[in-house]
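Sequence and computational prediction follow.
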Amino acid sequence: MWISVVIPALNEEEPIAEVVREVIATGTPREVIVVDNASTDQTAERARNEGARVVSAPRGYGRACAAGVAAISPESDLIVFLDGDGSDVPRFIPALVEPIMSGTHDFVIGSRTRGKREPGSMNSQQVFAGHLAGFLIRILYGFRYTDMSPFRAIRRDSFAQLGMREETYGWNLEMQMKAARAGLRILEVPVDHRRRKGGESKVSGTLRGTFVASFRILATFLKIAFFGP
């Protein structure tokens, strides 16, 4: 099975080289695509030097993920997403892709709240938001998530069914809601989580970032839950 790894990255010049090396060291992917999300530093160059294919996208987390998907090889069967800040632990990639490769599941998400978290790697608001979203999704669609982790794997043909539209911070929630609504075979697996290894969080690093992300996530939930696709 051909596996593609997509890593959105915005100003991650400090951690990105190590992230790419760790992903390749798993021996899992056939290709690693780093999406330079309008960085103003050396993110793209450092990723390229480690063997990643680099593509560009306008700023916006969802735009970066969509650009990564658009760039994967036609032979690709399975897509893995993880962040470029070093907080996700690539050695868990095999745990995410195995249930899909074995044919038992279509979408596997790495739950940080069920794994071992390095102190300071997640704030209380992130943990609460993941559980709250999971509770509400269960009411709507019957599957309860425990996290909105960016670390996830999905069959390419299953992803194509979802009709993803969100361009910013609501991308992860949109995927989880639409996957549950579509009746995909979903699994959560515990994954470890680390403090970011460089740069500044675009979500929890500033008050403005936290507010904007929270607004986009809430808007995404309401749009999908009550206004269709």
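Cool, the structure landed.

In three-state terms, label the spatially most central residue of the chain for me.
The C-alpha lying nearest the average C-alpha coordinate of the chain belongs to Pro150 (C-alpha atoms, centre = their mean; 2.6 Å). Under DSSP: H, G, I helix; E, B strand; the rest coil, Pro150 falls in the coil class.

my guess is Leu82 meets Val5, correct?
Yes - using C-beta atoms under 8 Å, Leu82 is in contact with Val5, at 7.1 Å. C-beta here means a position set from N, CA and C on the backbone, and glycine is covered the same way.

between the two, what contacts are shared?
In terms of C-beta atoms under 8 Å, 6 or more residues apart in numbering, Leu82 and Val5 are both contacted by the residues 23, 93.

ok, back up a step: near the closest residue to the residue nearest to the centre of the chain other than its chain neighbours, how many other residues are there?
Computed as C-beta to C-beta, 6 or more residues apart in numbering, the closest residue to Pro150 that is not its neighbour in sequence is Asp83, at 4.9 Å. A count of nearby residues for Asp83, using other C-beta atoms under 10 Å, gives 20.

which ones are touching Asp83?
Contacts of Asp83 (C-beta under 8 Å, 6+ apart): 7-9, 150-151.

at 10 Å what do you get?
Asp83 makes contact with 7-10, 12, 15, 19, 61, 149-151, 196, 201, according to C-beta atoms under 10 Å, 6 or more residues apart in numbering.
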